[in-house]
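Asker: Kindly generate the corresponding structure for this input.
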Amino acid sequence: MAWYDHAIIYQLYPKSFQDSNGDGIGDLNGIRARIPYLKALGITAVWLNPVFTSPQVDNGYDVANYYAIDPTMGTMADMDALIAAFHAAGIHVILDFVLNHTSDQHPWFQDALRGADSLYRDYYIFAGHEGKRPSNWGSFFGGSVWAPDPSGSGQSYFHLFDRRMPDLNWANPEVRHAMGDVADYWLQKGVDGLRLDAFIHIAKAKLDQDFPDAVPAATPVLAEPFYANLPQVQTWLRPFCRRLKTDYPDVFLLGEAASANVNLAAAYTAPDAGLMDSVVTFRYFPDDLSGLDPQLPTQYQEHPLDLPAFKQTQAVWQQTLAGLAQPTLYWSNHDMPRLGTRVAHSAQQAQSLAMLMYLQRGLPIIYYGEELGLTNLQLPDAAAFGDPTVTAFVTEATAAGMTPEAAVKLVSTTHKLPARGPMPWDDGAQRGFTTGTPWLTGAAAPVASVAAQAADPTSSLAFYQQLIALKKRPLFQDGDYHLLTTAETSYVYTRQLGSALAVVAVALGATTTVTLPQGHYHALLTSGAVHLAGPQLTLGEDAGVVLIREGAIE
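Answerer: Next up, the predicted model:
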């Protein structure tokens, strides 16, 4: 049994966690000062979003130097001290590793711009001629994946994300070896795991073919089948992962497989595949699109979670990966709106949904501040997002009759950036995050600070501490998972280990009643109104409960 098979992971966004020097940007020394808080919360591992040297075009995912810490975060000595402090507290460290692309300021790309004679030209993807784009493929950040070579060669370079983030050419074995060297450097420093960012995109189809689409050929279109989950992803990553597992048998490899379906997830994580230990997918959350306004672009409209479809999706992932790999369990991350904004309409519902998610079989990944009930910030205007797709949405929404203020408010509930607000540590100036001006500001829904919640046994923080303590029990780590057949208004499953059996039951909206498996039960954790009368369990609106059958020993 590896350490990560029972990990409880806390995703820590360094820029927003704790600032130690007053510049408004969270940093490594700030994180180190808050380790006692994380220890008390009960987590066993942290995932750090990128801390490498970066121009911050994409908040650190545009890496200019994999071997250096960004000056806003601190120094390499600070990083070494942070890793040592986490280990002293019994907490493992997972580092975000960006392996699909670099910053255009990376020395490799700067050298590649010297032309065809550069030793690093083939580290990136250059194609086309005479200024013509090789294909109509669209970037995830808008526009074409192709940008003109600044050196004037007439070729274009490939960027799946921002044009200042050129994709690496993983078809080149030298690139694969170089990225292995980067991983080795950090694992030698004591990092316990790597989150492989966007790994599903490292292989691309034939570059000069257009993706069939109804729009005019000159308009870039998302061509995800041509640059996501291609077979070469596994071919190229297998030796990379094998190298790391050979030299560091205990390393945890967590892959970001955003668009992978459950069968691909199984292929990426099967023990005999020689790839990942677990993957994060965005396929967990089916949207209810019935309420979309046809006059507005769909991108930043609210997409409520389709709860019946979500229950089915979770059952499929749980059963497909059973006996194969640990699924990841999460509600929020830095790439999506927060749980309390996107799904839950009350603090009680947020707690019930946390209970539902994290006590399933798998590895919880709790986004920083979720344990406090944080929601998205309300940003002041379109410019605050620094995202051209937001500006385009607000322009179109305004043309359709919405006020600019209403359009920005809508985007604040659906965009990823407002989910990265500062952590509220106390009730003082800037809520204890910084003595300066936070790097990201906006109106925040009133949420009690860490200091206030730590003193309140009924707080969201106290609830999460109890929930995490439950998750550490063998029953919820190793027990079998079985989803019970109930109405769409409830989500009920059992965890069983030997003679021990627990029932996790959550109302998906209105008051509902369910019939329990035979036995006598008592509650371990509740959220909202719960009434148990023999085998009949009544859950109030959005309520949840964890019940343990009496008389059994784990």
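
Asker: Which stretches in the stretch 301-450 of the chain count as helices?
Answerer: 307-321, 339-342, 347-358, 388-399, 404-414, 450-454 (DSSP state H, counting those that start in this stretch).

Asker: Just tell me which of these ends up closest to residue 10.
Answerer: helix 347-358 (12.0 Å; CB to CB). Using the backbone N, CA and C atoms, a C-beta is placed for each residue, glycine as well.

Asker: what helices or strands is that closest one leaning on?
Answerer: On a contact count with 3 or more CB pairs under 8 Å, 6 or more residues apart in numbering; DSSP states H and E, helix 347-358 meets helix 339-342, strand 363-367, helix 460-471, strand 500-507, strand 521-527, strand 544-549.

Asker: Turn the helices of the stretch 301-450 of the chain into a markdown table, columns for mean neighbour count.
Answerer: Formatted as a markdown table, the helices of the stretch 301-450 of the chain follow (neighbours: other CB atoms under 10 Å):
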| stretch | mean neighbour count |
| --- | --- |
| helix 307-321 | 18 |
| helix 339-342 | 23 |
| helix 347-358 | 24 |
| helix 388-399 | 18 |
| helix 404-414 | 19 |
| helix 450-454 | 17 |
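
Asker: what's the closest of the helices and strands packed on helix 347-358 to residue 68?
Answerer: Using CB to CB, the helices and strands packed on helix 347-358 put strand 363-367 closest to residue 68, at 26.7 Å.

Asker: what stretches of the stretch 151-300 of the chain score poorly on pLDDT?
Answerer: 214-217 (pLDDT under 70).

Asker: in terms of contact, does residue 271 touch residue 326 like I think?
Answerer: No. Residue 271 lies out of contact with residue 326 (CB atoms under 8 Å); the separation is 11.3 Å.

Asker: Neighbour count: these two, which is higher?
Answerer: residue 326 (18 against 10; other CB atoms under 10 Å).

Asker: Need the per-residue pLDDT for the more buried one.
Answerer: The model reports residue 326 with a pLDDT of 94.

Asker: got the contact list for it?
Answerer: 4-5, 277-278, 361-363 (CB atoms under 8 Å, 6 or more residues apart in numbering).

Asker: can you put the residues you listed in CSV and add distance to residue 168 and neighbour count?
Answerer: Shown next, in CSV, are the contacts of residue 326 (distance: CB to CB, whole Å; neighbours: other CB atoms under 10 Å):
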residue, distance to residue 168, neighbour count
4, 27, 22
5, 31, 14
277, 23, 22
278, 24, 25
361, 35, 20
362, 31, 22
363, 28, 25
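
Asker: Just those: which are in strands?
Answerer: 278, 363 (DSSP state E).

Asker: okay, the helices and strands packed on helix 347-358 in CSV with mean pLDDT and distance to residue 264 next?
Answerer: Shown next, in CSV, are the helices and strands packed on helix 347-358 (pLDDT from 0 to 100; distance: least, CB to CB, whole Å):
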stretch, mean pLDDT, distance to residue 264
helix 339-342, 94, 24
strand 363-367, 98, 18
helix 460-471, 98, 27
strand 500-507, 96, 28
strand 521-527, 96, 34
strand 544-549, 96, 31
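
Asker: can you redo those as CSV with distance to residue 419?
Answerer: As requested, the helices and strands packed on helix 347-358 are exported to CSV (distance: least, CB to CB, whole Å):
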stretch, distance to residue 419
helix 339-342, 7
strand 363-367, 8
helix 460-471, 17
strand 500-507, 23
strand 521-527, 22
strand 544-549, 23
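
Asker: Of the ones you listed, which is nearest residue 46?
Answerer: Closest among these, using CB to CB: strand 363-367, at 10.2 Å.

Asker: Name the strands paired with that closest one and say parallel or antiparallel.
Answerer: Sheet pairing for strand 363-367, assigned by DSSP bridges, gives strand 9-12 (parallel), strand 328-329 (parallel).

Asker: before we move on, back to that, closest one to residue 330 among the helices and strands packed on helix 347-358?
Answerer: That would be strand 363-367 among the helices and strands packed on helix 347-358, by CB to CB, at 4.2 Å.

Asker: what's the angle from the closest one to helix 347-358?
Answerer: Angular relation of strand 363-367 and helix 347-358 on a 0 to 180 degree scale: 150 degrees, by axes from the mean of the first three to the mean of the last three CA atoms, to 10 degrees.

Asker: Between helix 460-471 and strand 363-367, find me the angle.
Answerer: 170 degrees.

Asker: Touching strand 363-367 from outside, list them.
Answerer: 4, 7-11, 13, 43, 47, 278, 280, 326-334, 338-339, 357-358, 419, 464, 468, 471.

Asker: residue ranges of the strands in the stretch 201-350 of the chain, please?
Answerer: Ranges of strands within the stretch 201-350 of the chain are 221-222, 252-256, 278-280, 328-329, based on DSSP state E, counting those that start in this stretch.

Asker: other SSEs contacting the first one?
Answerer: By that I understand strand 221-222. strand 137-138.

Asker: following the strand it packs on, which helix or strand comes up?
Answerer: Remark: after strand 137-138, the chain's next helix or strand is strand 146-148, criterion DSSP states H and E.

Asker: That following strand - contacts with which helices or strands?
Answerer: strand 156-158.

Asker: other SSEs contacting the strand it packs on?
Answerer: Against strand 156-158 (3+ CB pairs under 8 Å, 6+ apart) you get strand 126-127, strand 146-148.

Asker: Now do that strand: distance to the chain's middle.
Answerer: Distance of strand 156-158 from the chain centroid (CA atoms, centre = their mean, to the nearest Å) equals 28 Å.

Asker: what lines up beside that strand in the sheet?
Answerer: strand 126-127 (antiparallel), strand 146-148 (antiparallel).

Asker: Put the alpha carbons of the helix or strand just after it into PDB.
Answerer: Counting by DSSP H and E, the next helix or strand C-terminal to strand 156-158 is helix 173-188. Output in PDB follows, covering the C-alpha atoms of helix 173-188 (Å, rounded to 0.1, in the frame of the first residue of the first chain):
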ATOM      1  CA  PRO A 173      13.000  12.300 -27.700                       C
ATOM      2  CA  GLU A 174      15.300  15.100 -26.500                       C
ATOM      3  CA  VAL A 175      12.300  17.000 -25.100                       C
ATOM      4  CA  ARG A 176      11.000  13.800 -23.300                       C
ATOM      5  CA  HIS A 177      14.500  13.300 -21.800                       C
ATOM      6  CA  ALA A 178      14.800  17.000 -20.800                       C
ATOM      7  CA  MET A 179      11.400  17.000 -19.000                       C
ATOM      8  CA  GLY A 180      12.400  13.800 -17.200                       C
ATOM      9  CA  ASP A 181      15.500  15.700 -16.000                       C
ATOM     10  CA  VAL A 182      13.300  18.500 -14.600                       C
ATOM     11  CA  ALA A 183      11.100  16.000 -12.800                       C
ATOM     12  CA  ASP A 184      14.200  14.200 -11.400                       C
ATOM     13  CA  TYR A 185      15.600  17.500 -10.100                       C
ATOM     14  CA  TRP A 186      12.500  18.200  -8.000                       C
ATOM     15  CA  LEU A 187      12.100  14.600  -6.800                       C
ATOM     16  CA  GLN A 188      15.700  14.700  -5.600                       C
END
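
Asker: packing partners for helix 173-188?
Answerer: Partner elements for helix 173-188 (3+ CB pairs under 8 Å, 6+ apart): strand 65-69, strand 92-98, strand 193-197, helix 231-247.

Asker: Return the set of buried residues in stretch 331-347.
Answerer: 331-334, 336-344, 347 (16 or more other CB atoms under 10 Å).
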